[in-house]
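Student: got a predicted model here, sequence first, then my questions.
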Amino acid sequence: MFSSDESKPVTGQIDTYLSADRWVEGPLLGIETSCDETAAAVLDADGTVRSSVISSQHQVHERFGGVVPELASRAHIESIETIAASALERAGTAWRDICGVAVTQGPGLAGALIVGVSYAKALAYALRIPLVGVTHLEGHIASAWLQNPDFPSSAVVLVVSGGHTHLYKKTKAGPCQLLGCTRDDAAGEAFDKGAQMLGLGFPGGPALDKLAQSGDSKKIPFPKSSIRKAALEFSFSGLKTALLYKLQRMTLASVDRDRAHLAAGFQESIVSVLVDKAFEAVRQTGIGALAVVGGVSANSRLRMLLHEKARSEGIQLSIPSLQYCTDNAAMIASAGMQALRAGRRASLDTEACASLDEASMR
Ligand code: KG4
Ligand code: ZN
């Protein structure tokens, strides 16, 4: 695409493209490759998800007990084209009808992000359409409005995933304001580590959730984090240690017998703190709307407790349906649509940024 002097394009076309960043409202392609899911989605200009295709790499990483970055990049390279083509096919959209490309720029695994960003740049160049880079967090936050467009635009947002346990105040105008976050592990990380200690494999969160459904959380209770009630912060590292000590004191036979109770008690300790802090943020901000997003928002016990409390306190609640809780590209397309409307564009020099954080959210 470029000559050895990168500033000089081989053809004259790129000059035309770079200046033609006009956004024509129409179907937008979203691309997400920040971790171990290769995803593509087509979103209509009215916000309707026409397709959302996700290829999970769980089988690739399972035997290592966690995501292996090098293998993740390779798997993204192998499947990105097929997944994008499949998203278009399922949407019934031709390539020529795609009006823009939105891609996760960061944070995430560097090599994995580069695959998505390079692919999105190539598409934007080939199709002569605008490109926009969004943060993974913007995507998760946008997921709360994906199926619920009338949900208030001012809301407290709890992002709970493998990398984040962050509370934001989102208002109609202006950037999201960080209210507080975890001091150590993210909630998803705690679920994954707990699941690993309980011998539940990878990914741990969904397995622990499933097992906990047949356990009694009161049989083997776990401590709640000791952070004072009013502080909008989280800490889950002590809980991990508590599980380790409990397991060390138990015989293998009793662990086998009580595994479901251990899972239920461990889970209860995480989700009750998440619920308490989310509603504390609602109380402190005076905003009567709460959105909970990210992989951990798929947790069945968390969803139940949030719905119960929102109902009893008269708070509007938005939690995406399961397919949009964990990583997906529809949320990236949705965040991209908002960004394009706000005039954001990415040039073909845009690079993946593994450590892109909430401060970058515009
Ligand atoms: O949002 P996500 O797919 O990726 C990140 O951005 O990190 O979240 C993945 C995290 C993992 O830690 C996974 O174990 C957790 O979400 N997770 C769950 C459940 N489903 C996914 N945790 C608890 N219960 C679940 N049902
Ligand atoms: Zn995520």
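Tutor: That came through, no problem. Ligands and ions are numbered 1, 2, ... in the order given.
Student: hang on, residue 164 packs against residue 180?
Tutor: No - contact criterion CB atoms under 8 Å: residue 164 and residue 180 do not qualify, at 11.8 Å. Heads up, the C-betas are built off the backbone N, CA and C, glycines and all.
Student: compare the two and say which is more crowded by neighbours.
Tutor: Taking neighbours as other CB atoms under 10 Å, residue 164 and residue 180 compare with residue 164 leading, 24 against 18.
Student: show the average pLDDT along the helix or strand encompassing residue 271.
Tutor: In the assignment (DSSP states H and E), residue 271 maps to helix 252-285. Per-residue pLDDT over helix 252-285 has a mean of 97.
Student: is ligand 1 within reach of it?
Tutor: No - against ligand 1, helix 252-285 shows no contacts by CB under 6 Å from any ligand atom, the least distance being 7.5 Å.
Student: in this structure residue 197 contacts residue 242, no?
Tutor: No - with contact defined as CB under 8 Å, residue 197 does not count as touching residue 242 (10.7 Å).
Student: low pLDDT regions in this protein?
Tutor: 1-20, 358-362 (pLDDT under 70).
Student: hmm, try it at 80
Tutor: Applying pLDDT under 80 to the chain picks out residues 1-22, 173-174, 225-227, 357-362.
Student: for residue 129, what are its contacts?
Tutor: 98, 99, 100, 101, 123 (CB atoms under 8 Å, 6 or more residues apart in numbering).
Student: what is the neighbour count of the closest residue to the second one other than its chain neighbours?
Tutor: Nearest residue to residue 99, sequence neighbours excluded (CB to CB, 6 or more residues apart in numbering): residue 26, at 3.3 Å. A count of nearby residues for residue 26, using other CB under 10 Å, gives 13.
Student: residue 26 is in what secondary structure piece?
Tutor: Applying DSSP H and E, one finds residue 26 in no helix or strand.
Student: where does the stretch 201-350 of the chain get nearest to ligand 2, residue-wise?
Tutor: residue 327 (4.4 Å; CB to the ion).
Student: contacting residues around that residue?
Tutor: 32, 34, 35, 37, 39, 54, 136, 295.
Student: on the three-state scheme, residue 102 is what?
Tutor: In three-state terms, and counting by DSSP: H, G, I helix; E, B strand; the rest coil, residue 102 is strand.
Student: what's the neighbour count on the nearest residue to it once chain neighbours are set aside?
Tutor: The spatially closest residue to residue 102, leaving aside those adjacent along the chain, is residue 336, at 2.2 Å (CB to CB, 6+ apart). By other CB under 10 Å, the residues close to residue 336 number 32.
Student: please apply the same query to the one 4 residues further on.
Tutor: By other CB under 10 Å, 24 other residues sit near residue 340.
Student: am I right that it is in contact with residue 100?
Tutor: Yes - contact criterion CB under 8 Å: residue 340 and residue 100 qualify, at 5.7 Å.
Student: can you pull the residues that touch both of these two?
Tutor: Common neighbours of residue 340 and residue 100 (CB under 8 Å, 6+ apart) are 23, 28, 130, 132.
Student: sorry, back to before: what's the first helix or strand after the helix holding residue 271?
Tutor: strand 289-293.
Student: show me the contacts for residue 274.
Tutor: 158, 160, 165, 187, 234, 292, 296, 302.
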